[in-house]
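Enquirer: Okay, here's the prediction I keep looking at, along with the sequence it came from:
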Amino acid sequence: TVNDGKYGLHVLILFDDLEVEKKDIVNDFLTIVFESKDRFDSSSNPLPCKFGLPEIINKLDSFGYDYIFIPAHVDNDKGFFKSFSSVTYKKFIEKNYFRDKIVAFQNINESSKRNFEAALNEVYGDSYRSHIPAYVTYSDAKKIEELGKNPHYVKLGCYDFKTLKFAFLNHELRLSSGYQDDKYPLIKSVQIESGNFIKRFETQFNRSLNTIIGIRGSGKSTVLELIRWCFGLQPNEDDKYKEQIIKNALGNSGKVTVNIISKDGYEYKIEKYAGDNYEKVFNDKNELTQLKALSGLFNLSYYGQRDLAKISQDYGKISIIDDFIKDEIDSLRKKEKTILSTLDELINDLKNNQKFNYDIEQLKEELEVKSEQKRKFEEKKADTVFKEQANYEKDNIKIDQIKSIFEEIKNELGSFKTHVLENFDSVSKMKFNVLKSSDVDFINAFRKNIITLIGDLEKLINDSIHNYPEQFKSFLENMEKVKEKTRQLSEEFNKDNIDSNFYFTLEKDIEKIRIKINTLDNINKKIRNIKNELDNKIVELTKVRRDIYSIRLKKAKELESKINFVQLDVIYRDNEESFLEFLSDRLSGKRISKQKSEKLIKKYKSGYEIVKAVEGSDDEFNDILTPTETFSLRERIEKYYHDFFTFQPDDRLNIKYKSHEAFKEFKHLSIGQRAAALLGIILSEGCDPLIIDQPEDDIDNNTLYEGIIHLLHEQKNSRQFILATHNSNIVVLGDSENVIICHSDKDEFKGTNNSIDTLSVQHEIINIMEGGKDAFEKRKLIYQLWS
């Protein structure tokens, strides 16, 4: 009890237990502060010591032993805020007592908290938060059975006094009034065995920040690449180089095992051997499943070396936003895929019908000419002579067409039968788990019945084709008799210089032209219907892609609100670079200049709009391309019809980064600023494990600390991070819960891990990691505690 206030001030003072074991420093200190004064009254109640708070702190500083000083139950009669007025404790603030000397307040109420922080703000201004001590609760027990009530939780990687004091000094990261038991997906551990460079290595991962350190070439990236490979996640670039990393690490017989906890809280084991194309996933009962590692149960965000540099190009930036909304994007992509499949069928149907490219107007003119010739022939009464043969010839044409239809049906029926058998047989090989035998019998009966039905149809068609000649034998014999009759009559007409053969040809030609015109009318009607359906599907496709844009924009604005150094916007269908590449690729060799392609994409916002412009030949389109160029474009549209019809440039993520109190456009940023902006977005939100290989590349230490490390602090209690790094700021100032140290000895990997709170890890960090002058100043307090 400190000699302050009306009743005295209760405080808790902790000393290093290792020092207490060597010497009775508690009694030594009590002797100093009580001097000759009694410690208890006649009723054995504790009495205040001789000195007030300032003197006690001075004596602690001169005592020669480190200490932790916590005023107890600060709003009670013997508490800090009952013992001192705001004027008095403001003087303590000015002497830098808080956080430096007084590391915590116990059981402070909201009113005292507001008044105290207001006083801090008056003295320190905007930096007042760095002087706020920890606000803790604990049992304040008067009896043994009351111990453990009202607990306050401390995150420790090493159970010693220095680590405990460090936790109080960094209470925002290390202390919590509630137990952190949030459920989010985790990588529990990785085990590598029987490899080449890595013969055997196993490490556990913490649920918060894991850092992998080591000199260059020690195997940091290799560990991350093996995790990526085990999950079946494809690299974003340098495929051959990263394949070689895997091969060198595992040799021909190595194995990687990763243990995970899914977002639903279930444990799974993922195994993959050298040379395997696919991973195996086992459930918590060690039963092999049919799951993929990266399924709806578990997602992983992975960024290897140079991945951020690649994403910084306009093509890749929007993917950062998509990583936050995978489920929503996947749902819309499924709708998009269904629409694209329908569009593909419609476009193929359109192409098949456009093969009949007769000019219907020319056919109509030809029909009119031949009909006029026929009329003149009939004026000479020749039609009465040859009409019967002409009718036979007409019917014979129709009979031949019907026979062709029979043959076509036969071929299509055979293809349909093959399709049915292949699909049913692929399903029948599957093993049903809970389906009743009666249900399986129903499926098999349906297959049998439909195959029987197809067989009956095949027999009907084959019989019809076989019987076709016999069926029309009488008709053909009669036609030959009529031909003989007309031949005799023709001889008589020839004597009068009347060419009867021309009449026969004329009748046939007129009938053929009429059939063609009728067919083309039907085809053109079908083409119009197909194009209408295509237009409707394009509207549906555009709506889905507009919905994708909307959720991207919403998420971008949500992320922006969490990052004070980045502004985000999503521009609908604004990725002109991808549109230009699309056109350049499809128009290769057609001598349409890049400048004209750029004009097209400025005017028309999708491939579909270009198709419509070509079909409509509007004035603005004709101002861009010459007739020859338009013809070339039309040829390429016909060749790549599906591509043009469905292509829409992707949305563009517009990023602005705060530099010297002003926001700069992404294209004007340095490489380091670009990396910092992208990394800030990646770190700002999410619950899936995030793996990054050397996130600090190209980022200066000040930017790293002010932006990136603060985000790590905010997120690491609700998301797992696994970072390979050369930068000590990430490890030390990020307060890494688990540090994995990599060494390479005679081309063989060695790895160990422990908490950053342990002396061995602290010495490794100091020995092998570099940091700039500013970084060392920022971590000065930490290094003093380690020394």
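Expert: Done, it's in.

Enquirer: mind checking which helix or strand the closest residue to N3 other than its chain neighbours is in?
Expert: Nearest residue to N3 in three dimensions, chain neighbours excluded: P48, at 4.2 Å (C-beta to C-beta, 6 or more residues apart in numbering). All C-beta spots, glycine's among them, are computed from the backbone N, C-alpha and C. Secondary structure assignment for P48, by DSSP states H and E: no helix or strand.

Enquirer: Can you show me the helices along the stretch 101-250 of the chain?
Expert: Along the stretch 101-250 of the chain, the stretches classed as helices by DSSP state H, counting those that start in this stretch are 110-124, 161-169, 171-174, 220-230, 239-250.

Enquirer: for the residue nearest to N3, what are its contacts?
Expert: By C-beta atoms under 8 Å, 6 or more residues apart in numbering, the residues touching P48 are 1-4, 8-9.

Enquirer: Grab the two from the residues you listed that are most spread out in space.
Expert: Within the contacts of P48, T1 and D4 form the most distant pair, 9.1 Å apart (C-beta to C-beta).

Enquirer: ok, the two, which is more surrounded?
Expert: Neighbours per residue, other C-beta atoms under 10 Å: of T1 and D4, the larger number sits with D4, 22 against 17.

Enquirer: Double-check that that one belongs to a helix.
Expert: No. D4: not assigned to a helix; according to DSSP: H, G, I helix; E, B strand; the rest coil it is coil.

Enquirer: Verify the contact between it and P54 for me.
Expert: No. Contact between D4 and P54 fails when scored by C-beta atoms under 8 Å: they sit 9.2 Å apart.

Enquirer: what about the residue most central in space within the chain, which SS state?
Expert: The centre of the chain sits closest to D323, judged by C-alpha atoms, centre = their mean, with a distance of 2.9 Å. Three-state call for D323 (three-state DSSP): helix.

Enquirer: Could you find the closest non-adjacent residue to it?
Expert: S301 (5.6 Å).

Enquirer: Low-confidence stretches in the stretch 551-700 of the chain?
Expert: For the stretch 551-700 of the chain, applying pLDDT under 70 flags no range at all.

Enquirer: what ranges do the helices span in it?
Expert: Using DSSP H, counting those that start in this stretch, helices in the stretch 551-700 of the chain cover 576-586, 594-603, 607-616, 619-624, 627-639, 641-646, 671-684.

Enquirer: mind putting these in a markdown table, mean neighbour count and distance to F40 included?
Expert: Converted to a markdown table, the helices of the stretch 551-700 of the chain look like this (neighbours: other C-beta atoms under 10 Å; distance: least, C-beta to C-beta, whole Å):
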| stretch | mean neighbour count | distance to F40 |
| --- | --- | --- |
| helix 576-586 | 17 | 82 |
| helix 594-603 | 15 | 89 |
| helix 607-616 | 18 | 91 |
| helix 619-624 | 13 | 99 |
| helix 627-639 | 15 | 99 |
| helix 641-646 | 19 | 88 |
| helix 671-684 | 22 | 55 |
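
Enquirer: Any idea which of those gets closest to E484?
Expert: helix 627-639 (50.6 Å).

Enquirer: Need the residues that contact stretch 609-624.
Expert: Identification of contacts with stretch 609-624 by C-beta under 8 Å, 6+ apart yields 596, 599-600, 603-604, 630, 633-634, 637, 644-645.

Enquirer: where in the stretch 1-150 of the chain is pLDDT low?
Expert: Scanning the stretch 1-150 of the chain for pLDDT under 70 picks out nothing.

Enquirer: where along it do the strands fall?
Expert: For the stretch 1-150 of the chain, applying DSSP state E, counting those that start in this stretch gives strands covering 11-15, 67-71, 104-106, 134-136.

Enquirer: So which of those has the densest surroundings on average?
Expert: Stretch with highest mean neighbour count among the strands of the stretch 1-150 of the chain: strand 104-106 (a mean of 24; mean count of other C-beta atoms under 10 Å).

Enquirer: Look up the closest residue to Q389, ignoring the ones flanking it.
Expert: T486 (4.5 Å).

Enquirer: do the same with A556
Expert: Using C-beta to C-beta, 6+ apart and skipping the chain neighbours, the partner closest in space to A556 is L568 (4.1 Å).

Enquirer: and if you look at S760?
Expert: Distances taken as C-beta to C-beta, 6+ apart put N754 closest to S760, at 6.4 Å, once the chain neighbours are dropped.

Enquirer: right, and the one you found touches G157 too?
Expert: Yes. Using C-beta under 8 Å, N754 makes contact with G157 at a distance of 7.5 Å.

Enquirer: ok, back up a step: and the residue nearest to the centre of the chain, how close does it get to L300?
Expert: 10 Å (C-beta to C-beta, to the nearest Å).

Enquirer: what about stretch 359-373, average pLDDT?
Expert: Mean pLDDT, stretch 359-373: 78.

Enquirer: List the buried residues in that stretch.
Expert: 363, 366-367, 370 (16 or more other C-beta atoms under 10 Å).

Enquirer: Can I get the residues you listed in TSV including distance to Y468 and secondary structure?
Expert: As requested, those are exported to TSV (distance: C-beta to C-beta, whole Å; DSSP: H, G, I helix; E, B strand; the rest coil):
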residue	distance to Y468	secondary structure
L363	30	helix
E366	31	helix
L367	30	helix
K370	30	helix
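
Enquirer: which among these gets closest to E94?
Expert: Set against E94, the nearest of the buried residues of stretch 359-373 by C-beta to C-beta is L363 (101.8 Å).

Enquirer: which residues touch the closest one?
Expert: Contact analysis of L363 by C-beta under 8 Å, 6+ apart lists 513, 516-517, 520.

Enquirer: Residues in contact with stretch 148-164: which ones?
Expert: 14-19, 66, 68, 136-141, 167, 173-180, 737, 754-758, 785-786.

Enquirer: can you tell me how far F282 sits from D688?
Expert: From F282 over to D688 (counting by C-beta to C-beta), the distance is 21 Å.

Enquirer: out of those two, which sits in the busier spot?
Expert: Taking other C-beta under 10 Å, F282 and D688 do not tie; D688 has more neighbours (20 against 17).

Enquirer: Let me see the contact set for the more buried one.
Expert: Residues in contact with D688 (C-beta under 8 Å, 6+ apart) are 184-185, 298-301, 719.

Enquirer: Which pair of those spans the longest distance?
Expert: F298 and R719 (13.7 Å).

Enquirer: Quick check: I740 is in a strand.
Expert: Yes. I740 forms part of a strand when assessed by three-state DSSP.
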